[in-house]
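Peer 1: got a predicted model here, sequence first, then my questions.
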Amino acid sequence: MSRWTTEELCMSLATAFGAANVEEIPTADGAVQVVLPELGDLGITIALTDHQLFVSTPLVDAAQVRDRAEFDNACMRLNPINPLSNLGLTTINERDTYIVFGELAPDSSITQLELEIRTLGDNAIDAIEVLKPYLVTA
Amino acid sequence: MSLLQKILTLFRGTAHEAGQAVVDANAMKILDQEIRDAGNELLRSKEELTKVMAQRQLLAGKSQDRAGKKAEYETYIAGALRKGDEALAREVAERLATIETDLTSDQQTLAQYDGSIRALKTAITETERKLSRVKQQIDTVKATEAVQRAQGAVAARHSGANGKVGTALDSLERIQARQAERGARMQAAAQLESDSNDGDLNARLANAGLLGGSTSVDNILERFRDKPAQQLGHETPTLTGVIVEHTDADRSPRQ
């Protein structure tokens, strides 16, 4: 079982990242959004459930990918060498969106969570830099 | 169909329905029901195990009593035979025969119970393992859904109706734009600094009268000292003297 409530999570994250960069998202399930100013205001979303802390950030809108099969292949090859984070595909607001995500045990400490969030952010920026050649150039 | 397959099917099914949650609430209810059913099944298996174990214990107790009776009858038979009472010995032996038959049957039934207990225990462990895995899967689905919903809410707030979510690509572009801006600013600053450094240097050079075209009193005097030296030959030693004297004065502090 989790040692965190959404409120406690919000407060601890505000201490770690600054209150201005942390916000509880008022959805049915209760989630927290952390913005990383040093990473181009990248938004990291944290959801808390009974069995895990789920940390996720959108990588790129699938509509911006030139060749989906080629991009998927590149993602699959990148995934094993991407430390501590996974690449995935989900639907956000009915748009196919590639994400970078990770899971932590629900009894993880704030230090572990902070490390996970920062690592996830760095990994997402690194990943999109590597995958940029597969995107439609604007 | 495995649970994961069902979940994936649900994902595919709802992806095309506009305005729907990733996994609709009904589907989640069905999955939750499956977990409850599996949980109930587990409970029934555990009850069954308890029952079988109790029955085995009961039979084991009964069988122990029979084994006690058997030993007792054996002494009776031996006693009757010692006394030459063949008829009594035969009568007891008949009873012993029934007990021995029962004992054999007990052994078989106990072995069957042991088999059932082993099988039930294995099934329970397996179901528990599966149940916890399924719970974790459902939990992950719920977490994914929660994150997607939150990301959707954030996107709707920032980009309005199109609901386009802010991605790492957007952030990378911002980082690169910031870096480019910072780079340009640093370059401009460096340029400014170098300009002002040059200005400073020029000013010092001008003061020292070393900058070409600059005018200073010493410069003018030097010019006059040079030119008359060529025109008026007798002035040259004086000049040399001045220079030597100057050089000596320079050296003196080091001695």
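Peer 2: Nice, I can see it. Numbering: from 1, shown residues only, chains lettered A, B, ... in the order given.

Peer 1: neighbours of residue 52, just the number please.
Peer 2: Since you didn't name a chain, this refers to chain A. 20 (other Cβ atoms under 10 Å in any protein chain shown). For glycine as for every other residue, the C-beta is placed from the backbone atoms N, C-alpha and C.

Peer 1: my bad, the chain I had in mind was chain B
Peer 2: 18.

Peer 1: got it, and A:Leu59?
Peer 2: Neighbour tally, A:Leu59, other Cβ under 10 Å: 25.

Peer 1: for it, helix, strand, or coil?
Peer 2: Per DSSP: H, G, I helix; E, B strand; the rest coil, the secondary structure class of A:Leu59 is strand.

Peer 1: helix, strand, or coil at the residue nearest to it when sequence neighbours are not counted?
Peer 2: Excluding the flanking residues, the one nearest A:Leu59 by Cβ to Cβ, 6 or more residues apart in numbering or on different chains is A:Tyr98, at 4.2 Å. Secondary structure, three-state DSSP: A:Tyr98 is strand.

Peer 1: and A:Tyr98, how close does it get to A:Leu36?
Peer 2: Relative to A:Leu36, A:Tyr98 is positioned 18 Å away (Cβ to Cβ, to the nearest Å).

Peer 1: what of B:Thr167?
Peer 2: 13 Å.

Peer 1: who's more crowded, these two?
Peer 2: Neighbour count, other Cβ under 10 Å: between B:Thr167 and A:Leu36, B:Thr167 has more, with 26 against 21.

Peer 1: check whether that one really touches A:Ala63, as I assumed.
Peer 2: No. If you go by Cβ atoms under 8 Å, B:Thr167 and A:Ala63 don't touch, sitting 10.9 Å apart.

Peer 1: which residues are in contact with both of the two?
Peer 2: Contact with both B:Thr167 and A:Ala63 is made by no residue, according to Cβ atoms under 8 Å, 6 or more residues apart in numbering or on different chains.

Peer 1: the longest helix belonging to chain B and chain A in contact?
Peer 2: If you go by DSSP state H, chain B has its longest helix at helix B:86-159. Yes. Contact of helix B:86-159 with chain A (Cβ under 8 Å from any Cβ of the partner chain) involves B:135-136, B:139-140, B:142-156.

Peer 1: for that helix, packing partners?
Peer 2: strand A:22-25, strand A:31-36, strand A:42-48, strand A:53-61, strand A:86-92, strand A:95-104, helix B:3-15, helix B:25-82 (3 or more Cβ pairs under 8 Å, 6 or more residues apart in numbering or on different chains; DSSP states H and E).

Peer 1: what is the last one packed up against?
Peer 2: Right, the one you point to is helix B:25-82. Helix B:25-82 packs on helix B:3-15, helix B:86-159, going by 3+ Cβ pairs under 8 Å, 6+ apart.
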